[in-house]
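> the following block contains a protein sequence and its predicted model.
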Amino acid sequence: PRRRRDRKLAPEQCACGCGGQLHEVREEISSRIERVKVTYVDERVTTYYACRKCERVISTAPDQPNIVEGGILGPSLIADIIYQRFGNHTPYERLAREFEQDGLPISRSVLCRTTLRYGEILRPIYEELKRQTLASFLVQLDDIPVTVRNGKKKGRTTGRIWVYRSADGNVVFDFRMDRSQEGPRRMLGQYRGLIQGDDYGAHQFLFRDTTDRISLLCWAHAVRKIRDAESSSPRLRKEFDVLFALLHKVELEARGLSPPKRLLYRARHARPILKEMEDWIEARRLTVVPKSPMGDAIEYLRTNWEALTNYLLDGRVTDITNNAAERALRRVAVGRKNWIFIGAEEAGQPAAVLMSLLQTCVEHGVNAIEYLRDVIARVNEPGSAREIAELTPAAWKRSQPAQQRAVCGRTQVAAAVQSLTYPTS
């Protein structure tokens, strides 16, 4: 939005010293960027009318009800709170101080309960996002530890947040209290397709006695193991780097190709390099101490070779690493340094819901605050259950009505700021 302020001379100032009259010859515009972040009270006044003859009483058209019964926080403020908490990783205590400086004393406990309540309200969109993620031909997974307090009781424990990312950028976080296979089992037990991750033992049951799921191991993990073992054999690390550089070059060249062409290009150019690398592994494993760091790294490559090369089976695989899932987990890694812990076990999943929606917005280039402002107001509307598939970030971005509502929302915010009045007493 733009605010124009014209600086002009008054008519009586347009008299020139020579006796002539000044007239406009040109305009010169100088601009500067300002930001006004205002918290205001949206007063919705209902007028009642009565008939003197029949004593009938009617009111003006009903306004949109509050999303949470009895709640006084509007969609714009709620969207901002959620984004500040899980997008900018701002602790509740700091948020409470900011609101207090605006003259709005919202306690830390109210902010906490509000975000968790909306994590539950937005759960249907999360479930649809999960359904779409598991419909992808490929799912990446990883996990990260988080500290969990025992609510109001003393003591802390360690939970896990698992990430599941589809090939097209949908991201689903899942909160669990342990790192057992129960988490992946609940999420991927019925999944059919490619699963890309590391060689953590709790993943292996997904591939036993079935051909419906195919393991793709991450080449970034494999390279990291060789490089971390450099101290025990710098020469072997350099030899491996030369081979992997050739493989990486093939991936860069194949990136812009269509899936069928990428499949053929890899068969023609990557397979010979992989064969040379496999021969290198078999030869070098006989020359290193088996239990040395380099010996362990080479043995990792040898035992996981099939899973590392399974990406050759499908040209739709665009990345031979699991880095995209790791980047998604940075939202949790950065956040836990600020909010330190999850307050209670029951708070974990609502937080995972909100982080899933925000990270998927990032992946699809969606303005998260505008998205939240719109879907928070719509998710509880009558008939919204039929439209849940249109409220995921990717579908919302493609929806013309949603974009029109976003523009309308920006206009309403600008109009609201212009019409603000401060009480004099």
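Here it is on my side, so go on. If you're wondering where the values come from, they're calculated on a predicted model, not measured in any experiment.
> check which helix or strand the most centrally placed residue in the chain maps to.
When CA atoms, centre = their mean is applied to the chain, the residue found nearest the centroid is residue 359 (0.2 Å). Assigned by DSSP states H and E, residue 359 falls within helix 348-364.
> before we move on, what about residue 261?
Going by DSSP H and E, residue 261 is part of helix 259-284.
> give me the buried positions along that helix.
Within helix 259-284, the residues scored as buried using 16 or more other CB atoms under 10 Å are 262, 263, 265, 266, 269, 270, 273, 274, 277, 280, 281, 284. From N, CA and C alone the C-beta is placed, and that goes for glycine too.
> reformat the residues you listed as TSV; add pLDDT.
Listed next are the buried residues of helix 259-284 as TSV, based on pLDDT from 0 to 100:
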residue	pLDDT
262	96
263	96
265	96
266	96
269	96
270	96
273	96
274	96
277	95
280	95
281	95
284	93
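> helices of the stretch 151-300 of the chain, start to end?
182-188, 219-228, 234-254, 259-284, 293-303 (DSSP state H, counting those that start in this stretch).
> show me what the longest one is packed up against.
Helix 259-284 sits against helix 234-254, helix 293-303, helix 305-309, with contacts defined as 3 or more CB pairs under 8 Å, 6 or more residues apart in numbering; DSSP states H and E.
> before we move on, back to that, got a list of what the residue nearest to the residue nearest to the centre of the chain when sequence neighbours are not counted touches?
Nearest in space to residue 359, with sequence neighbours left out and distances taken as CB to CB, 6 or more residues apart in numbering, is residue 171 at 4.3 Å. Listed by CB atoms under 8 Å, 6 or more residues apart in numbering, the contact set of residue 171 reads 133, 163, 164, 165, 328, 356, 359, 360, 363.
> distance of the residue nearest to the centre of the chain from residue 218?
Per CB to CB, to the nearest Å, residue 359 is found 19 Å from residue 218.
> for residue 231, same thing?
For residue 231, the distance to residue 218 - CB to CB - is 23 Å.
> ok, these two, which is more surrounded?
It is residue 218, of residue 231 and residue 218, that has more neighbours when counted by other CB atoms under 10 Å, with 24 against 10.
> would you mind measuring from the residue nearest to the more buried one when sequence neighbours are not counted to residue 282?
With CB to CB, 6+ apart as the criterion, residue 218 has its nearest non-adjacent residue at 3.7 Å, and that residue is residue 322. Distance, residue 322 to residue 282, by CB to CB: 25 Å.
> in its sheet, what does the lowest-mean-pLDDT helix or strand in the chain sit against?
Scoring the helices and strands of the chain by mean pLDDT, DSSP states H and E places strand 57-59 at the bottom, with a mean of 79. Paired strands of strand 57-59, with direction, are strand 48-50 (antiparallel) (DSSP bridges).
> contacts for the strand it pairs with, please.
56, 57, 58, 59, 60.
> need the strands for the stretch 101-250 of the chain, in chain order.
Along the stretch 101-250 of the chain, counting by DSSP state E, counting those that start in this stretch, strands occupy 138-149, 156-166, 171-176, 193-197, 213-217.
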